[in-house]
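S.K.: Sequence plus predicted model, see below.
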Number of protein chains: 2
Amino acid sequence: MADRYEAIAEQFRVHGYKLTQPRRAIVQTLLGAAKPLSPAEIQQRGQKLYHELGLVTVYRTLELMELLGTVRAVHLADGCHGFAIASPGHTHHVVCERCHCVVEIAGCDLGDFLDTVAERTGYAITGHWLEVSGLCAACQAQDAAEHTHDDSIDATAR
Amino acid sequence: MADRYEAIAEQFRVHGYKLTQPRRAIVQTLLGAAKPLSPAEIQQRGQKLYHELGLVTVYRTLELMELLGTVRAVHLADGCHGFAIASPGHTHHVVCERCHCVVEIAGCDLGDFLDTVAERTGYAITGHWLEVSGLCAACQAQDAAEHTHDDSIDATAR
DNA sequence: CGGATAAATGAAAAGGTTTTTCAATAAGGG
DNA sequence: CCCTTATTGAAAAACCTTTTCATTTATCCG
Ligand SMILES: [Mn+2]
Ligand SMILES: [Mn+2]
Ligand SMILES: [Zn+2]
Ligand SMILES: [Zn+2]
(Lines give C-alpha, C1' and ligand atoms only; values in the text may rest on other atoms or scores of the structure.)
(Ligands and ions follow the chains in the order given, each with its own letter.)
Protein backbone atom coordinates (compact mmCIF):
# COMPACT_ATOMS: atom_id res chain seq x y z
CA MET A 1 0.00 0.00 0.00
CA ALA A 2 2.85 2.32 0.95
CA ASP A 3 4.42 1.31 -2.34
CA ARG A 4 1.40 2.23 -4.35
CA TYR A 5 1.12 5.52 -2.52
CA GLU A 6 4.74 6.32 -3.22
CA ALA A 7 4.38 5.49 -6.90
CA ILE A 8 1.44 7.86 -7.20
CA ALA A 9 3.14 10.58 -5.17
CA GLU A 10 6.11 10.23 -7.49
CA GLN A 11 3.88 10.89 -10.50
CA PHE A 12 2.80 14.19 -9.00
CA ARG A 13 6.40 15.22 -8.29
CA VAL A 14 7.84 14.03 -11.57
CA HIS A 15 5.34 16.11 -13.47
CA GLY A 16 5.96 19.18 -11.33
CA TYR A 17 2.76 19.13 -9.30
CA LYS A 18 2.78 19.84 -5.59
CA LEU A 19 1.94 17.11 -3.15
CA THR A 20 -0.52 18.97 -1.00
CA GLN A 21 -2.47 17.82 2.01
CA PRO A 22 -5.79 17.65 0.11
CA ARG A 23 -4.19 15.63 -2.66
CA ARG A 24 -2.63 13.23 -0.20
CA ALA A 25 -5.98 12.72 1.48
CA ILE A 26 -7.61 11.98 -1.86
CA VAL A 27 -4.94 9.47 -2.88
CA GLN A 28 -5.09 7.71 0.48
CA THR A 29 -8.87 7.61 0.29
CA LEU A 30 -8.79 6.00 -3.13
CA LEU A 31 -6.13 3.52 -2.06
CA GLY A 32 -8.23 2.54 0.94
CA ALA A 33 -11.43 2.03 -1.03
CA ALA A 34 -12.62 -1.39 -2.13
CA LYS A 35 -14.96 0.07 -4.72
CA PRO A 36 -14.92 2.95 -7.17
CA LEU A 37 -15.95 6.19 -5.46
CA SER A 38 -17.90 9.19 -6.69
CA PRO A 39 -16.39 12.65 -6.16
CA ALA A 40 -18.82 13.27 -3.29
CA GLU A 41 -17.86 9.99 -1.64
CA ILE A 42 -14.20 10.83 -2.00
CA GLN A 43 -14.79 14.15 -0.31
CA GLN A 44 -16.71 12.58 2.57
CA ARG A 45 -14.14 9.89 3.22
CA GLY A 46 -11.25 12.22 2.55
CA GLN A 47 -12.40 14.66 5.19
CA LYS A 48 -11.53 12.08 7.81
CA LEU A 49 -7.92 12.51 6.70
CA TYR A 50 -7.99 16.23 5.92
CA HIS A 51 -10.93 17.98 7.47
CA GLU A 52 -11.11 20.99 5.12
CA LEU A 53 -11.13 18.97 1.88
CA GLY A 54 -13.31 20.73 -0.67
CA LEU A 55 -15.34 19.07 -3.39
CA VAL A 56 -13.85 21.31 -6.04
CA THR A 57 -10.40 20.07 -5.15
CA VAL A 58 -11.61 16.50 -5.49
CA TYR A 59 -12.74 17.23 -9.04
CA ARG A 60 -9.50 18.97 -9.88
CA THR A 61 -7.35 16.24 -8.40
CA LEU A 62 -9.25 13.49 -10.17
CA GLU A 63 -8.82 15.31 -13.45
CA LEU A 64 -5.11 15.60 -12.82
CA MET A 65 -4.71 12.00 -11.72
CA GLU A 66 -6.60 10.82 -14.77
CA LEU A 67 -4.11 12.78 -16.86
CA LEU A 68 -1.23 11.17 -14.96
CA GLY A 69 -2.85 7.77 -15.44
CA THR A 70 -3.06 7.06 -11.73
CA VAL A 71 -6.83 7.02 -11.56
CA ARG A 72 -9.52 5.77 -13.91
CA ALA A 73 -13.26 6.29 -14.24
CA VAL A 74 -15.05 2.97 -13.87
CA HIS A 75 -18.53 2.48 -15.19
CA LEU A 76 -20.95 0.96 -12.73
CA ALA A 77 -23.90 -1.17 -13.72
CA ASP A 78 -26.34 1.45 -12.45
CA GLY A 79 -25.08 3.89 -15.01
CA CYS A 80 -22.84 6.54 -13.66
CA HIS A 81 -19.25 6.02 -12.82
CA GLY A 82 -16.88 6.17 -9.95
CA PHE A 83 -13.15 6.57 -9.77
CA ALA A 84 -10.61 3.90 -8.87
CA ILE A 85 -6.85 3.82 -8.60
CA ALA A 86 -5.25 2.60 -11.79
CA SER A 87 -1.91 0.89 -12.05
CA PRO A 88 0.57 2.07 -14.63
CA GLY A 89 0.14 0.56 -18.06
CA HIS A 90 -2.88 -0.89 -19.76
CA THR A 91 -5.21 -2.58 -17.29
CA HIS A 92 -8.90 -3.23 -16.80
CA HIS A 93 -11.25 -3.32 -13.86
CA VAL A 94 -13.48 -6.17 -12.80
CA VAL A 95 -16.43 -4.95 -10.75
CA CYS A 96 -18.78 -6.95 -8.52
CA GLU A 97 -22.41 -6.41 -9.49
CA ARG A 98 -23.54 -6.74 -5.91
CA CYS A 99 -21.04 -4.98 -3.66
CA HIS A 100 -19.17 -3.07 -6.38
CA CYS A 101 -15.80 -4.16 -5.05
CA VAL A 102 -13.24 -3.85 -7.76
CA VAL A 103 -10.13 -5.73 -8.84
CA GLU A 104 -7.68 -4.61 -11.45
CA ILE A 105 -6.30 -6.96 -14.07
CA ALA A 106 -3.30 -6.45 -16.29
CA GLY A 107 -2.52 -8.13 -19.55
CA CYS A 108 -5.56 -8.38 -21.72
CA ASP A 109 -5.22 -10.45 -24.85
CA LEU A 110 -7.83 -9.13 -27.20
CA GLY A 111 -5.40 -8.99 -30.10
CA ASP A 112 -7.08 -11.59 -32.27
CA PHE A 113 -10.51 -10.19 -31.62
CA LEU A 114 -9.42 -6.65 -32.41
CA ASP A 115 -7.81 -7.83 -35.64
CA THR A 116 -11.15 -9.27 -36.66
CA VAL A 117 -12.86 -6.02 -35.78
CA ALA A 118 -10.37 -4.08 -37.91
CA GLU A 119 -11.00 -6.37 -40.86
CA ARG A 120 -14.74 -6.26 -40.57
CA THR A 121 -15.10 -2.51 -40.00
CA GLY A 122 -12.19 -1.00 -41.91
CA TYR A 123 -11.30 1.01 -38.80
CA ALA A 124 -7.68 1.28 -37.69
CA ILE A 125 -8.05 0.21 -34.08
CA THR A 126 -6.20 2.40 -31.60
CA GLY A 127 -7.63 1.43 -28.26
CA HIS A 128 -10.39 -0.14 -26.29
CA TRP A 129 -12.30 0.31 -23.09
CA LEU A 130 -13.28 -2.89 -21.34
CA GLU A 131 -14.94 -3.49 -18.03
CA VAL A 132 -15.90 -6.86 -16.74
CA SER A 133 -18.68 -7.44 -14.26
CA GLY A 134 -19.41 -10.44 -12.12
CA LEU A 135 -19.86 -11.62 -8.59
CA CYS A 136 -16.91 -11.44 -6.27
CA ALA A 137 -15.97 -14.48 -4.19
CA ALA A 138 -17.56 -13.01 -1.06
CA CYS A 139 -20.88 -12.33 -2.78
CA GLN A 140 -20.86 -15.78 -4.37
CA ALA A 141 -20.42 -17.31 -0.93
CA GLN A 142 -23.25 -15.20 0.43
CA ASP A 143 -25.46 -16.31 -2.45
CA ALA A 144 -24.66 -19.94 -1.79
CA ALA A 145 -25.57 -19.56 1.89
CA GLU A 146 -28.87 -17.89 1.04
CA HIS A 147 -29.67 -20.58 -1.47
CA THR A 148 -29.25 -23.25 1.15
CA HIS A 149 -31.61 -21.24 3.31
CA ASP A 150 -34.12 -20.80 0.47
CA ASP A 151 -34.06 -24.51 -0.25
CA SER A 152 -35.07 -25.37 3.30
CA ILE A 153 -37.96 -22.90 3.02
CA ASP A 154 -38.97 -24.34 -0.33
CA ALA A 155 -38.91 -27.82 1.15
CA THR A 156 -41.29 -26.69 3.85
CA ALA A 157 -43.53 -25.03 1.28
CA ARG A 158 -43.72 -28.09 -0.89
CA MET B 1 -33.43 1.30 -42.68
CA ALA B 2 -37.17 0.78 -42.83
CA ASP B 3 -36.46 -2.69 -41.51
CA ARG B 4 -34.56 -1.42 -38.53
CA TYR B 5 -37.27 1.12 -37.84
CA GLU B 6 -39.93 -1.55 -37.98
CA ALA B 7 -37.99 -3.82 -35.66
CA ILE B 8 -37.71 -1.05 -33.10
CA ALA B 9 -41.34 -0.01 -33.50
CA GLU B 10 -42.27 -3.63 -32.92
CA GLN B 11 -40.40 -3.63 -29.62
CA PHE B 12 -42.53 -0.73 -28.42
CA ARG B 13 -45.75 -2.46 -29.45
CA VAL B 14 -44.82 -5.89 -28.19
CA HIS B 15 -44.14 -4.50 -24.76
CA GLY B 16 -47.34 -2.51 -24.70
CA TYR B 17 -45.91 0.96 -25.23
CA LYS B 18 -47.53 3.45 -27.52
CA LEU B 19 -45.83 4.49 -30.71
CA THR B 20 -46.22 8.22 -30.42
CA GLN B 21 -45.08 10.97 -32.70
CA PRO B 22 -42.28 12.11 -30.37
CA ARG B 23 -41.03 8.55 -30.04
CA ARG B 24 -41.07 8.05 -33.79
CA ALA B 25 -39.07 11.22 -34.27
CA ILE B 26 -36.49 10.09 -31.73
CA VAL B 27 -36.10 6.66 -33.31
CA GLN B 28 -35.74 8.13 -36.79
CA THR B 29 -33.22 10.64 -35.50
CA LEU B 30 -31.11 7.91 -33.97
CA LEU B 31 -31.36 5.76 -37.07
CA GLY B 32 -30.23 8.68 -39.21
CA ALA B 33 -27.24 9.55 -37.04
CA ALA B 34 -23.71 8.44 -37.88
CA LYS B 35 -22.48 9.07 -34.35
CA PRO B 36 -23.84 8.65 -30.84
CA LEU B 37 -25.98 11.63 -29.85
CA SER B 38 -26.51 13.39 -26.55
CA PRO B 39 -30.09 13.95 -25.36
CA ALA B 40 -29.85 17.62 -26.34
CA GLU B 41 -28.62 16.71 -29.82
CA ILE B 42 -31.44 14.23 -30.21
CA GLN B 43 -33.95 16.91 -29.29
CA GLN B 44 -32.46 19.41 -31.74
CA ARG B 45 -32.38 16.97 -34.64
CA GLY B 46 -35.68 15.41 -33.68
CA GLN B 47 -37.49 18.73 -33.79
CA LYS B 48 -36.99 18.72 -37.55
CA LEU B 49 -39.26 15.68 -37.60
CA TYR B 50 -41.62 16.63 -34.80
CA HIS B 51 -41.48 20.28 -33.97
CA GLU B 52 -42.81 20.12 -30.38
CA LEU B 53 -40.37 17.45 -29.19
CA GLY B 54 -39.44 18.10 -25.58
CA LEU B 55 -36.17 17.26 -23.92
CA VAL B 56 -37.91 15.44 -21.09
CA THR B 57 -39.47 13.09 -23.59
CA VAL B 58 -36.06 12.41 -25.08
CA TYR B 59 -34.79 11.35 -21.67
CA ARG B 60 -37.84 9.21 -21.04
CA THR B 61 -37.70 7.56 -24.44
CA LEU B 62 -34.00 6.80 -24.16
CA GLU B 63 -34.59 5.20 -20.79
CA LEU B 64 -37.36 3.09 -22.26
CA MET B 65 -35.37 2.12 -25.34
CA GLU B 66 -32.42 1.17 -23.18
CA LEU B 67 -34.78 -1.10 -21.28
CA LEU B 68 -36.02 -2.60 -24.53
CA GLY B 69 -32.44 -3.02 -25.70
CA THR B 70 -32.90 -0.90 -28.80
CA VAL B 71 -30.52 1.84 -27.75
CA ARG B 72 -27.24 1.85 -25.89
CA ALA B 73 -25.12 4.47 -24.14
CA VAL B 74 -21.76 4.70 -25.83
CA HIS B 75 -18.78 6.16 -24.07
CA LEU B 76 -16.93 8.81 -26.00
CA ALA B 77 -13.22 9.50 -25.64
CA ASP B 78 -13.91 12.97 -24.25
CA GLY B 79 -15.64 11.45 -21.24
CA CYS B 80 -19.37 11.68 -21.41
CA HIS B 81 -21.55 9.43 -23.46
CA GLY B 82 -24.02 9.55 -26.25
CA PHE B 83 -26.75 7.20 -27.33
CA ALA B 84 -26.73 4.97 -30.38
CA ILE B 85 -29.14 2.45 -31.83
CA ALA B 86 -28.34 -1.07 -30.69
CA SER B 87 -29.19 -4.25 -32.52
CA PRO B 88 -30.83 -7.08 -30.67
CA GLY B 89 -28.46 -9.38 -28.87
CA HIS B 90 -25.01 -8.83 -27.53
CA THR B 91 -23.04 -6.37 -29.64
CA HIS B 92 -20.39 -3.72 -29.26
CA HIS B 93 -19.71 -0.33 -30.76
CA VAL B 94 -16.59 0.80 -32.54
CA VAL B 95 -16.20 4.57 -32.44
CA CYS B 96 -13.97 6.81 -34.54
CA GLU B 97 -11.73 8.99 -32.37
CA ARG B 98 -11.85 11.80 -34.87
CA CYS B 99 -15.38 12.06 -36.25
CA HIS B 100 -17.10 9.82 -33.67
CA CYS B 101 -18.87 7.85 -36.36
CA VAL B 102 -19.92 4.53 -34.97
CA VAL B 103 -20.25 0.98 -36.26
CA GLU B 104 -21.81 -1.90 -34.42
CA ILE B 105 -20.23 -5.32 -34.30
CA ALA B 106 -21.81 -8.56 -33.26
CA GLY B 107 -20.15 -11.72 -32.09
CA CYS B 108 -17.38 -10.97 -29.67
CA ASP B 109 -15.19 -13.87 -28.71
CA LEU B 110 -13.76 -12.93 -25.37
CA GLY B 111 -14.51 -16.33 -23.89
CA ASP B 112 -10.94 -17.44 -23.31
CA PHE B 113 -9.92 -14.11 -21.94
CA LEU B 114 -12.87 -13.99 -19.56
CA ASP B 115 -12.08 -17.52 -18.36
CA THR B 116 -8.62 -16.31 -17.47
CA VAL B 117 -10.08 -13.33 -15.65
CA ALA B 118 -12.38 -15.61 -13.66
CA GLU B 119 -9.46 -17.81 -12.67
CA ARG B 120 -7.23 -14.96 -11.67
CA THR B 121 -9.82 -12.96 -9.73
CA GLY B 122 -12.17 -15.57 -8.32
CA TYR B 123 -15.09 -13.56 -9.68
CA ALA B 124 -17.95 -15.35 -11.44
CA ILE B 125 -18.07 -13.33 -14.65
CA THR B 126 -21.56 -12.32 -15.71
CA GLY B 127 -21.01 -9.68 -18.33
CA HIS B 128 -18.75 -7.15 -19.90
CA TRP B 129 -18.81 -3.73 -21.41
CA LEU B 130 -16.46 -3.23 -24.32
CA GLU B 131 -15.97 -0.32 -26.63
CA VAL B 132 -13.37 -0.15 -29.30
CA SER B 133 -11.93 3.08 -30.62
CA GLY B 134 -10.02 3.76 -33.78
CA LEU B 135 -9.95 5.77 -36.96
CA CYS B 136 -12.68 5.15 -39.49
CA ALA B 137 -11.79 4.59 -43.12
CA ALA B 138 -12.77 8.15 -44.06
CA CYS B 139 -10.62 9.70 -41.37
CA GLN B 140 -7.71 7.44 -42.29
CA ALA B 141 -7.96 8.61 -45.88
CA GLN B 142 -8.07 12.22 -44.74
CA ASP B 143 -4.98 11.65 -42.62
CA ALA B 144 -3.16 10.12 -45.55
CA ALA B 145 -4.02 13.09 -47.76
CA GLU B 146 -2.82 15.57 -45.14
CA HIS B 147 0.38 13.65 -44.69
CA THR B 148 1.12 13.92 -48.37
CA HIS B 149 0.48 17.62 -48.06
CA ASP B 150 2.73 17.94 -45.00
CA ASP B 151 5.49 16.10 -46.81
CA SER B 152 5.51 18.59 -49.67
CA ILE B 153 5.71 21.43 -47.16
CA ASP B 154 8.51 19.64 -45.33
CA ALA B 155 10.32 19.18 -48.61
CA THR B 156 10.13 22.90 -49.23
CA ALA B 157 11.33 23.60 -45.73
CA ARG B 158 14.27 21.29 -46.07
C1' DC C 1 -65.60 5.40 -37.35
C1' DG C 2 -66.35 8.31 -32.69
C1' DG C 3 -65.76 8.08 -27.55
C1' DA C 4 -63.58 6.37 -23.35
C1' DT C 5 -59.37 5.62 -20.88
C1' DA C 6 -54.95 5.29 -19.50
C1' DA C 7 -50.44 6.29 -21.18
C1' DA C 8 -47.61 9.84 -22.72
C1' DT C 9 -46.32 14.62 -23.28
C1' DG C 10 -44.28 19.46 -22.53
C1' DA C 11 -43.54 23.35 -19.45
C1' DA C 12 -42.03 24.67 -15.26
C1' DA C 13 -39.85 23.77 -11.12
C1' DA C 14 -36.82 21.22 -8.38
C1' DG C 15 -32.71 18.67 -7.61
C1' DG C 16 -28.04 17.39 -8.63
C1' DT C 17 -23.66 17.70 -10.40
C1' DT C 18 -19.76 20.07 -12.45
C1' DT C 19 -17.27 24.26 -13.65
C1' DT C 20 -15.79 28.97 -13.09
C1' DT C 21 -14.22 32.82 -10.47
C1' DC C 22 -11.47 34.91 -7.06
C1' DA C 23 -9.30 36.15 -2.77
C1' DA C 24 -6.69 33.59 0.62
C1' DT C 25 -3.36 29.86 1.64
C1' DA C 26 0.36 26.64 1.55
C1' DA C 27 4.11 24.03 -0.91
C1' DG C 28 8.70 23.91 -2.40
C1' DG C 29 12.85 26.29 -4.19
C1' DG C 30 16.34 29.32 -3.06
C1' DC D 1 13.04 31.34 6.81
C1' DC D 2 11.10 34.15 2.94
C1' DC D 3 9.27 34.46 -2.01
C1' DT D 4 6.85 33.02 -5.72
C1' DT D 5 3.49 30.59 -7.75
C1' DA D 6 0.56 26.72 -7.72
C1' DT D 7 -3.23 25.27 -5.22
C1' DT D 8 -7.18 25.73 -2.38
C1' DG D 9 -12.19 26.45 -0.63
C1' DA D 10 -16.37 29.20 -0.80
C1' DA D 11 -19.68 31.13 -3.55
C1' DA D 12 -21.81 31.65 -7.72
C1' DA D 13 -22.79 30.24 -12.21
C1' DA D 14 -23.64 26.93 -15.55
C1' DC D 15 -25.27 22.47 -16.76
C1' DC D 16 -27.66 18.40 -16.84
C1' DT D 17 -31.34 15.29 -15.21
C1' DT D 18 -35.56 14.25 -12.74
C1' DT D 19 -40.05 15.30 -10.77
C1' DT D 20 -44.56 17.27 -10.89
C1' DC D 21 -48.83 18.23 -12.97
C1' DA D 22 -52.30 19.78 -16.13
C1' DT D 23 -53.13 18.75 -20.97
C1' DT D 24 -52.88 15.95 -25.05
C1' DT D 25 -52.83 11.72 -27.77
C1' DA D 26 -52.66 6.73 -29.03
C1' DT D 27 -55.11 2.76 -28.81
C1' DC D 28 -58.90 -0.15 -27.51
C1' DC D 29 -63.99 -0.94 -27.93
C1' DG D 30 -68.51 -0.58 -29.08
MN1 LIG E 1 -7.28 -4.23 -22.74
MN1 LIG F 1 -18.90 -8.82 -25.89
ZN1 LIG G 1 -19.35 -8.60 -4.37
ZN1 LIG H 1 -13.72 9.08 -38.39
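M.R.: Here it is on my side, so go on. Ligands and ions are numbered 1, 2, ... in the order given.

S.K.: Show the pLDDT at A:His75.
M.R.: With respect to pLDDT, A:His75 scores 81.

S.K.: whoops, I mixed them up, A:Gly89
M.R.: pLDDT for A:Gly89: 86.

S.K.: So it: helix, strand or coil?
M.R.: Under DSSP: H, G, I helix; E, B strand; the rest coil, the three-state class of A:Gly89 is coil.

S.K.: May I ask you to confirm that it is in contact with A:Ala106?
M.R.: Yes - the pair A:Gly89 and A:Ala106 qualifies as a contact (CB atoms under 8 Å) at a distance of 6.4 Å. To be clear about C-beta, it is placed using only N, CA and C from the backbone, and glycine gets the same treatment.

S.K.: So which of those two has more stuff around it?
M.R.: Neighbours per residue (other CB atoms under 10 Å in any protein chain shown) separate A:Gly89 from A:Ala106, with A:Ala106 holding more: 11 against 8.

S.K.: nearest residue to that one other than its sequence neighbours?
M.R.: A:Thr91 (4.8 Å; CB to CB, 6 or more residues apart in numbering or on different chains).

S.K.: just checking, what packs against the strand ranked longest in chain A?
M.R.: When chain A is parsed with DSSP state E, its longest strand is strand A:124-135. Counting contacts by 3 or more CB pairs under 8 Å, 6 or more residues apart in numbering or on different chains; DSSP states H and E, strand A:124-135 is packed against strand A:91-96, helix A:111-121, helix B:111-121, strand B:124-135.

S.K.: So what touches the second one?
M.R.: Residues outside helix A:111-121 that contact it (CB atoms under 8 Å, 6 or more residues apart in numbering or on different chains): A:123-125, A:128, B:94, B:103, B:105, B:108-110, B:132, B:134, B:136.

S.K.: Which of those are buried? Put it as a PyMOL command.
M.R.: In PyMOL syntax, the buried subset of these is picked out as below (16 or more other CB atoms under 10 Å in any protein chain shown):
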select buried, (chain A and resi 123+125+128) or (chain B and resi 94+103+105+108+110+132+134+136)
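
S.K.: any idea which of the contacts of helix A:111-121 is closest to ligand 3?
M.R.: B:Leu110 (21.1 Å; CB to the ion).

S.K.: For the residue nearest to A:Gln11 when sequence neighbours are not counted, the count of nearby residues, please.
M.R.: If the residues on either side of it in the chain are set aside, A:Gln11 comes closest to A:Leu68, at 4.6 Å by CB to CB, 6+ apart. Around A:Leu68 there are 17 other residues, counting by other CB under 10 Å.

S.K.: residues touching A:Leu68, list them.
M.R.: A:Gln11, A:Phe12, A:His15.

S.K.: Also A:Leu19?
M.R.: By CB under 8 Å, 6+ apart, A:Leu19 lies in contact with A:Ala9, A:Phe12, A:Arg13.

S.K.: any chance of these in a markdown table, with distance to DNA strand D and neighbour count too?
M.R.: As requested, the contacts of A:Leu19 are exported to a markdown table (distance: CB to the nearest atom of the strand, whole Å; neighbours: other CB atoms under 10 Å in any protein chain shown):
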| residue | distance to DNA strand D | neighbour count |
| --- | --- | --- |
| A:Ala9 | 13 | 15 |
| A:Phe12 | 8 | 20 |
| A:Arg13 | 10 | 10 |
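
S.K.: which one of the helices and strands packed on strand A:124-135 lies closest to A:Ala144?
M.R.: Distance to A:Ala144, taken as CB to CB, is lowest for strand B:124-135 among those, at 10.8 Å.

S.K.: That closest one close to ligand 3?
M.R.: No - judged by CB under 5 Å from the ion, strand B:124-135 and ligand 3 are separated, with a smallest distance of 9.8 Å.

S.K.: correct me, but A:Arg23 touches A:Ile8?
M.R.: No - the pair A:Arg23 / A:Ile8 is not scored as a contact, 9.5 Å apart, by CB under 8 Å.

S.K.: Which positions in chain A make contact with DNA strand C?
M.R.: Selection of chain A residues close to DNA strand C by CB under 7 Å from any atom of the strand yields A:13, A:18-21, A:38-40, A:55-56, A:59, A:63, A:80.

S.K.: got a winner among those residues for most neighbours?
M.R.: In terms of neighbour count, A:Pro39 stands highest of those at 17 neighbours, by other CB under 10 Å.

S.K.: contacting residues for that one?
M.R.: Going by CB under 8 Å, 6+ apart, A:Pro39 touches A:Leu55, A:Val58, A:Tyr59, A:Leu62, A:Phe83.
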